[in-house]
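> Here is the input, now give the coordinates:
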Amino acid sequence: MDFRRHHPQPVAAAKAGFSERTGRRIETAHHLPPLPFDKPRSRRRTADPFLGLWDGEIRPMLEATPGLRPVTLLEEMQRRYPDHDWDRLRRSLERRVRAWSAEHGADREVIFRQDHIPGQQALSDFTDMGDVGVSVAGQALDHRLYHFVLAYSAWEHAELVLGGESFTALAVGLQNALWMLGGVPAEHRSDSLSAAFRNLDDDARLDQTRRYEAFCVHYGMTPTRNNTGVAHENGAIESQHGHLKRRVAQALLLRGSADFASLDAYRAWIADFIGRRNARRGKMVRLEATALHALPSRRTTDYDEATVFVTSSSGFVLRKVFYTVPSRLIGFRMRVRIYDDRLDCIVGDSPVLTLRRGRSGADGRHGHVIDYRHVIHSLRRKPMALLNLVYRDALFPRPAYRLAWERLLADGDASAACKTMVALLLLAHESGHEAELAVALSDLMGQNAGAEMNGGFAIDLAALRTRFATVRGIMPDIVVTLPSVASYDTLLPSMGQAA
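Numbering: from 1, shown residues only. Now for the predicted structure:
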């Protein structure tokens, strides 16, 4: 009978060592006491802690407002009856409310699980990676990942996005994913793109919507969107976001560091990480690949475009960011193709240069993308312009140069500080040893940490020029031996036969 507590009748009889028939006879004998599970339920041994309060106050509140949470009800009862020990009754109240909700609660929204068809649907979204703690060269990286997922096989693509959610970031990431996949699904699903269009006026928002629809037409995809604020309608990718971020965080722990030497190194690491995840889905991906449509013959536009004028400051302003360009472009009007991470500048039909894309400050202040090599030759002729230059802090290519400037300026001779600093930047440009010169300046400042008390901080420019002088290669002497003119006669077939 002890075995019968946890096992059916045949098993209990076998464990006891006799036949099933004997077990059935023993269990049905009227002279035996009833089994524990046949005993009538015992009455409550303690008084109901909600006696009078449940029917009188708590249940009426639930009936009037079914959405009230147990903790809210508990706080309200504590307010009404402060002398009652409510803290120990929290779990009991939660169970009572849960039981009432199961019988009398309001209907809840139903999530309908979908059976995905191969090649039918792909989904795109952005996920914020700020809480992962990635840094580049010691600086925290504020970024997002564009995330693309096939609903059936879960094949995915992710790439770095430095700016916010935008049509450009979506178009670049989506095209890269499709061409890497080698095919096109029938439908592309995204969120409402409200984040991408939030800061645009009505005309610009309508233009971006048309561009997105034209993009899908080019690839033969049907564009669909989930309702605003209803994340579970993008469930096939929303759940993947959480998995991706957790796996990235774990992979960084195994790597031993979340710091990368450069953005390109971080991009390569993400690509390798995603590739290893997709390798485990090979069977499903191969099955879905047969259902994808063919790619078009070419990619479509995945950038914004603007026209800028290069001012006498050897630069232009675009979206609250000032960019420097080579001085030879002053007075030219350029077309600029705006990507998430770069600007391609075009004069006429000729690309002239590519610039790193900058961002304005969160407080609305203008940003600066400065390349000292664009202006150093003009600054050499006007070194005092460095003193109050608007973008002076952005001019220094590395922190060591800025620290050296501050040390030089602290001596009080602004003119000498400007001349020395401009000479250092010119040396960095002409020698091609910008990084090595920065290391030398850091060592020099470390050796002269107490120079302020001993007459100031000085830099020996002659010694640095000698150390980082450009080594010109020695051209070898080349001796060319010219053959006689008569020797070419042997190459003529007629002369050869005559001989």
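> hey, let's count contacts and neighbours off CA atoms from now on
Noted.
> Report the separation between His7 and Arg21.
Taking C-alpha to C-alpha, to the nearest Å as the measure, His7 and Arg21 are separated by 16 Å.
> got the phi/psi numbers for the nearest residue to Glu94 once chain neighbours are set aside?
The shortest distance from Glu94 to any non-neighbouring residue, by C-alpha to C-alpha, 6 or more residues apart in numbering, is to Pro70 (5.5 Å). Torsion angles at Pro70 (phi, psi; degrees, to the nearest 10) stand at phi -60, psi -40.
> which residues in the stretch 251-400 of the chain form strands?
If you assign secondary structure with DSSP state E, counting those that start in this stretch, the strands in the stretch 251-400 of the chain sit at 259-260, 304-309, 315-318, 321-324, 333-338, 342-347, 350-356, 367-369.
> Just give the closest residue to Gly105, not the sequence neighbours.
Using C-alpha to C-alpha, 6+ apart and skipping residues adjacent in sequence, the residue nearest Gly105 is Pro66, 6.5 Å away.
> a helix runs through the one you found, doesn't it?
No - for Pro66, which was evaluated using DSSP: H, G, I helix; E, B strand; the rest coil, the result is coil, with no helix membership.
> okay but it is in contact with Ala106, surely?
Yes - taking C-alpha atoms under 8 Å as the definition, Pro66 is a contact partner of Ala106 at 6.8 Å.
> quick one: which of these two has more around it?
Pro66 (16 against 12; other C-alpha atoms under 10 Å).
> Give me the pLDDT value at the more buried one.
Reported pLDDT at Pro66 in the predicted model: 83.
> Could you do Leu426 as well?
Here, the pLDDT recorded for Leu426 equals 92.
> Now stretch 468-487 - C-alpha only, CSV.
Coordinates of the C-alpha atoms in stretch 468-487 are reproduced here as CSV (Å, rounded to 0.1, in the frame of the first residue of the first chain):
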residue,chain,number,x,y,z
PHE,A,468,61.6,61.3,-37.7
ALA,A,469,63.2,62.6,-40.8
THR,A,470,61.9,60.9,-44.0
VAL,A,471,64.5,58.5,-45.2
ARG,A,472,64.8,58.8,-48.9
GLY,A,473,65.9,55.8,-50.8
ILE,A,474,69.1,55.8,-52.9
MET,A,475,68.5,55.2,-56.5
PRO,A,476,70.8,52.5,-57.8
ASP,A,477,73.1,53.1,-60.8
ILE,A,478,71.6,51.3,-63.8
VAL,A,479,74.0,50.5,-66.7
VAL,A,480,72.2,49.8,-70.0
THR,A,481,74.3,48.0,-72.7
LEU,A,482,73.0,48.7,-76.1
PRO,A,483,73.5,46.0,-78.8
SER,A,484,74.9,46.9,-82.2
VAL,A,485,72.4,47.7,-84.9
ALA,A,486,73.8,44.9,-87.1
SER,A,487,72.8,42.2,-84.5
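> Around Gly446, how many other residues sit close by?
11.
> you'd agree it is in a helix?
Yes - residue assignment for Gly446, taken from three-state DSSP, places it within a helix.
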